[in-house]
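> Any chance you could fold what I've pasted below:
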Amino acid sequence: QVQLVESGGGLVQAGGSLRLSCAASGRRTFSTYAMGWFRQAPGKERDFVAAIGWNGGITDYAASVKGRFTISRDNAKNTVYLRMNSLKPEDTAVYYCAAGEGYSKLVAGGSDYWGQGTQVTVSS
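Residues are numbered from 1 along each chain as shown. Okay, here's the model as predicted:
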């Protein structure tokens, strides 16, 4: 089992940047998990944002964030990051960190573990 705690959310103007962090803890080695970020805007379903494989060798992004967001991980620190640049008002959402044993399953939203979420608000 793994526990996930997100941080780094906040209020930012359009065009600005934020970096989210997700710290993992638990018995199992962090580097064995695929990690990802999802987001949920008010009144909408939770959507995939980005994912990264166990060693960072594979990444995927939603079309809406590709070229603006970058996912990375530091296995020595048990942490995954989401660097968000050129933020838009439509990026406003609660951002959730996810961990999973299978990369494809995680990308599809079938993660085994979720964080509590961090709010990102982008003002126009």
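> drop to CA atoms for contacts and neighbour counts, all remaining ones
Noted.
> what helices or strands is the helix or strand bottoming out on mean pLDDT in the chain leaning on?
The weakest-scoring helix or strand in the chain, judged by mean pLDDT, DSSP states H and E, is helix 103-107 (a mean of 91). Secondary-structure packing of helix 103-107 (3 or more C-alpha pairs under 8 Å, 6 or more residues apart in numbering; DSSP states H and E): strand 34-40, strand 46-52, strand 93-100.
> Which strand residues bridge residue 40?
The bridge-partner assignment for residue 40, based on DSSP bridges, gives residue 46, residue 94.
> just checking, residue 93 touches residue 119?
Yes. The pair residue 93 and residue 119 passes the contact test of C-alpha atoms under 8 Å, sitting 6.1 Å apart.
> related to what we said a few turns ago, right, and the helices and strands packed on helix 103-107 - which one's nearest residue 79?
strand 34-40 (9.5 Å; C-alpha to C-alpha).
> Could you pull out the buried residues of stretch 80-95?
Within stretch 80-95, the residues scored as buried using 16 or more other C-alpha atoms under 10 Å are 80, 81, 82, 84, 85, 87, 88, 91, 92, 93, 94, 95.
> Now for the residue lying closest to the fourth one once chain neighbours are set aside, how many residues are close by?
Right, residue 84. Take residue 84 and drop its neighbours on the chain: the residue closest to it by C-alpha to C-alpha, 6 or more residues apart in numbering is residue 69, 4.5 Å away. The number of residues packed near residue 69 is 20, by other C-alpha atoms under 10 Å.
> show me the residues around residue 69 that make contact.
Residues in contact with residue 69 (C-alpha atoms under 8 Å, 6 or more residues apart in numbering) are 82, 83, 84, 85.
> List the contacts of the third one.
The neighbourhood of residue 84, defined by C-alpha under 8 Å, 6+ apart, consists of 17, 18, 19, 20, 68, 69, 70.
> From residue 49, how far off is it?
Computed as C-alpha to C-alpha, to the nearest Å, the residue 84 to residue 49 distance reads 11 Å.
> Ramachandran coordinates for residue 76?
Dihedral pair for residue 76: phi -70, psi -30, per degrees, to the nearest 10.
> Relative to residue 114, how far out is it?
Distance, residue 76 to residue 114, using C-alpha to C-alpha: 20 Å.
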